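Student: Based on what follows, work out the 3D shape:
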Amino acid sequence: MKVKLLSAVACVALTACNVSTSTNNTTTATNKTTTTTTTKPWAQFRDAFVDGVFKLDPAFAVYEGKHDYDGGIPDWSPSGLKAQADFFRKAIADAQAYDKTKMAKQDAFERDYLIQVARGKLFWLEDADQPHHNPAYYVGGGLDPNVYIARNYADAKTRMTAIIKFLRQVPSAAANIRTNLKMPMPASFIKYGVAGFKGFADYYTGDAKKAFAGVKDKAMQKDFADASTAASKAMSDLATWLDGQKGSATQDFALGADKFQRMVLETEGVDTPLDQLEAAGRADLKKNQDALKEACDKYAKGKTIEACVAKMSANKPAGNDPVAEARRQIPMLKAFVVANNIVSVPGTEQALVEESPPYNRQNSAYIDPPGPFDKGIPSVYYISPPDPSWSKEKQLGFVPGKMDLLFTSVHEVMPGHFVQFLHANRSPSLFGQLFVGYAFAEGWAHYAEEMMWDAGLNNGDPETHIGQISNALLRDCRFLSAIGMHARGMTQADSFKMFREQCYQDEGNADQQAARGTYDPAYLNYTMGKLMIRKLRDDWIATRGGRKAWKDFHDQFLSFGGPPIPLVRAAMMGGDAKAVF
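Tutor: Have a look, this model is predicted:
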């Protein structure tokens, strides 16, 4: 899914970047440090921060439903990137000047939440230096106009006006991207960037244009044609330029152990040493491998594990159409959630199912939920078709088995991301509504898969269990690949082999997932988040009735919106904000 906390934020130089609450500054002669006295009420400071972020990244604002920012793209010029870093650095210093012991409990929580968000932004901006080294920063950070197409938040003419404004800014954005990206670059980064930029080029003049073909205004249609053609050419030229860098491509994608350790601390508040993290991941891998063997002994007795998983995978949706199958699965899953008192499903919003657009097929499935300011807008659960350049056998292998897809639907929709964002968009905390973190979001959705099996989904059917475990193993190999490739010297080929041999993934998925781990080192957050949530649940319900308290736990956990899980643990259990596995 598109994780809000990690969406790329660029900045322009404007007065809203200054969210200082300083009224009295004193500087010592010895160390030149500044003491800030805060007088502005916390809510005013927090709202100024949010307004500043929206102005820095209008694409993020639009994604959240603030349509007075329609058509905007972040400023990715060198001065814009610098101003962004300055904004977050100052926000951290100003927030830290608030004395938590003198703040209301909710305000003190939001203070820590805000600081963690800003620290995470700074990590990707400066420590990882993604704007200069990783095309993913841009592919996932403001070039996607799907919000104007998939969300009917206004009439077609209003949305068409917005997308024309957006498209007119793409050529200058593309020029900044080309200036920023430094060579040589890892081969997997180049492949990902070329696919993303070329996908946008096709989308701007293809599906995006078709979406507004019904608007009967010749002048607007000409404006759209001109703007989309120019934007498409800019993206196509960018893809061609990047593709031309393959001759100098490297395999130097690793963050390194120290920087990887800082990543989990700065972005998720997890200070657990890497050796302990890796041990937790290996334990979960072993647990799921043992469960798979047990289930296979029932489902495919006498066959190898590989043959057992292949048998599950061979039970494809009718017509090899996972979109139609997912549409059938969602009502059944909702009925199970309600009947088994698992979690509240607030509101009446829907989750639609569609095929992924061509620029966003680097993963098999994701969901695009509306932000808190868009009311009554459905989410869209996208499922990717196989790459047509693959062999027929590889394409068929990529189509998920029905039970594999069932747990993808659990993850993305019911009671995974879709339900999670129904709660987040209703969080009493504005911050919780807007900044939903990677480990919180993906941890919850992955936790939901295991939890639904434990709750009795399909009454112990071994094929169903194999579908659940297959998804769990996929995330275990993500976890271990992230640590391995970025901190232990593992190659992309080693990761591919692990996905195939230890987590029993098909060739297409293994290829995609090994590549993803190079440019998305934080994809360990699926399993890392799941393990923290599962431990928090078990500790919380231990004194509250056990299984009968699951719904109360789930509702309370989701009410926070999406903070780093250690902060949620402290709020629900007391004590310090610590990661516990």
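Student: Shouldn't residue 367 be within a strand?
Tutor: Yes - if the criterion is DSSP: H, G, I helix; E, B strand; the rest coil, then residue 367 is within a strand.
Student: what's near enough to touch it?
Tutor: Residue 367 sits next to 1, 351, 379, 380, 381, 382, 412, 413, 417, 418 when contact means CB atoms under 8 Å, 6 or more residues apart in numbering. All C-beta spots, glycine's among them, are computed from the backbone N, C-alpha and C.
Student: And the helix or strand hosting residue 131, how far out from the chain middle?
Tutor: Here residue 131 sits within helix 130-133, counting by DSSP states H and E. For helix 130-133, the separation from the chain centroid amounts to 18 Å (computed by CA atoms, centre = their mean, to the nearest Å).
Student: go on, stretch 201-218?
Tutor: For stretch 201-218, the distance to the chain centre is 28 Å (CA atoms, centre = their mean).
Student: same question, stretch 411-419
Tutor: 13 Å.
Student: Now the terminal residues of it, how far apart.
Tutor: 10 Å (CA to CA, to the nearest Å).
Student: Name the surrounding residues that touch that stretch.
Tutor: By CB under 8 Å, 6+ apart, the surrounding residues in contact with stretch 411-419 are 1, 326, 330, 333-334, 337, 342-343, 345, 351, 365-367, 369, 379, 381, 410, 441, 444-446, 448-449, 452, 471, 554, 558.
Student: Show me those that map onto helices.
Tutor: Secondary structure assignment by DSSP state H places 326, 330, 333-334, 337, 410, 441, 444-446, 448-449, 452, 471, 554, 558 of the contacts of stretch 411-419 in helices.
Student: Return the member of those nearest to residue 278.
Tutor: residue 446 (18.0 Å; CB to CB).
Student: Name the residues of stretch 226-239 that come out as buried.
Tutor: Neighbour-count burial for stretch 226-239 flags 227, 228, 230, 231, 232, 233, 234, 235, 236, 237, 238, 239 (criterion: 16 or more other CB atoms under 10 Å).
Student: so how far is the strand or helix carrying the third one off the chain centroid?
Tutor: So the one you mean is residue 230. When elements are assigned from DSSP H and E, residue 230 belongs to helix 218-243. The chain centre lies 27 Å from the centre of helix 218-243; the measure is CA atoms, centre = their mean.
Student: List the contacts of the next helix or strand after that helix.
Tutor: Using DSSP H and E, the helix or strand that follows helix 218-243 towards the C-terminus is helix 257-268. By CB under 8 Å, 6+ apart, the list of residues contacting helix 257-268 from outside reads 5-6, 116, 119-120, 122-124, 127-128, 255, 270-274, 277, 437-439, 482-483, 486-488, 521-522, 524-525, 528, 564-566, 579.
Student: Counting only helices, which of those make the cut?
Tutor: Of the contacts of helix 257-268, the ones assigned to helices by DSSP H are 116, 119-120, 122, 274, 277, 438-439, 482-483, 486-487, 525, 528, 565-566.
Student: Would you map out the domains in this protein?
Tutor: The chain is divided into the following domains under automatic domain parsing: 1-128, 261-573.
Student: My guess is residue 359 contacts residue 206. True?
Tutor: No - using CB atoms under 8 Å, residue 359 and residue 206 do not qualify as a contacting pair, with a distance of 10.2 Å.
Student: Can you pick out the residue with more neighbours from the two?
Tutor: Higher neighbour count among residue 359 and residue 206: residue 359, with 22 against 15, using other CB atoms under 10 Å.
Student: Quick check: the gap between the more buried one and residue 249.
Tutor: 21 Å (CB to CB, to the nearest Å).
Student: Likewise for residue 222?
Tutor: 41 Å.
Student: ok, now residue 492?
Tutor: For residue 492 relative to residue 249 (CB to CB), the value is 12 Å.
Student: Could you check which of those two has the larger neighbour count?
Tutor: It is residue 492, of residue 492 and residue 249, that has more neighbours when counted by other CB under 10 Å, with 19 against 16.
Student: so who does that one touch?
Tutor: Here residue 492 is in contact with 188, 251, 253, 485, 514, 515, 517, 518 (CB under 8 Å, 6+ apart).
Student: For residue 355, give me phi and psi.
Tutor: Backbone torsions of residue 355, given as degrees, to the nearest 10, read phi -80, psi 140.
Student: Would you mind measuring from it to residue 256?
Tutor: Taking CB to CB, one finds residue 355 at 38 Å from residue 256.
Student: Who has more neighbours out of these two?
Tutor: residue 355 (13 against 10).
Student: right, and that one touches residue 384 too?
Tutor: Yes - if you go by CB under 8 Å, residue 355 and residue 384 touch, sitting 7.4 Å apart.
Student: Now the common contact residues for the two.
Tutor: If you check residue 355 and residue 384 against CB under 8 Å, 6+ apart, no residue is contacted by both.
Student: Would you map the strands across this structure?
Tutor: 22-27, 34-38, 351-355, 365-368, 379-383 (DSSP state E).
Student: which one of these has the lowest average pLDDT?
Tutor: Per-stretch mean pLDDT for those is lowest at strand 22-27 (a mean of 33).
Student: Quickly note the distance from the nearest residue to residue 193 once chain neighbours are set aside to residue 195.
Tutor: Spatial nearest neighbour of residue 193, chain neighbours left out: residue 135 (2.9 Å); criterion: CB to CB, 6 or more residues apart in numbering. Between residue 135 and residue 195 the distance is 9 Å, computed by CB to CB.
Student: between those two, who's got more neighbours?
Tutor: residue 135 (25 against 21).
Student: Would you check that residue 472 makes contact with residue 286?
Tutor: No - here residue 472 lies out of contact with residue 286, judged by CB under 8 Å, at a distance of 11.8 Å.
Student: So the two - more neighbours on which side?
Tutor: Under the criterion of other CB under 10 Å, the comparison of residue 472 against residue 286 puts residue 472 first, with 26 against 11.
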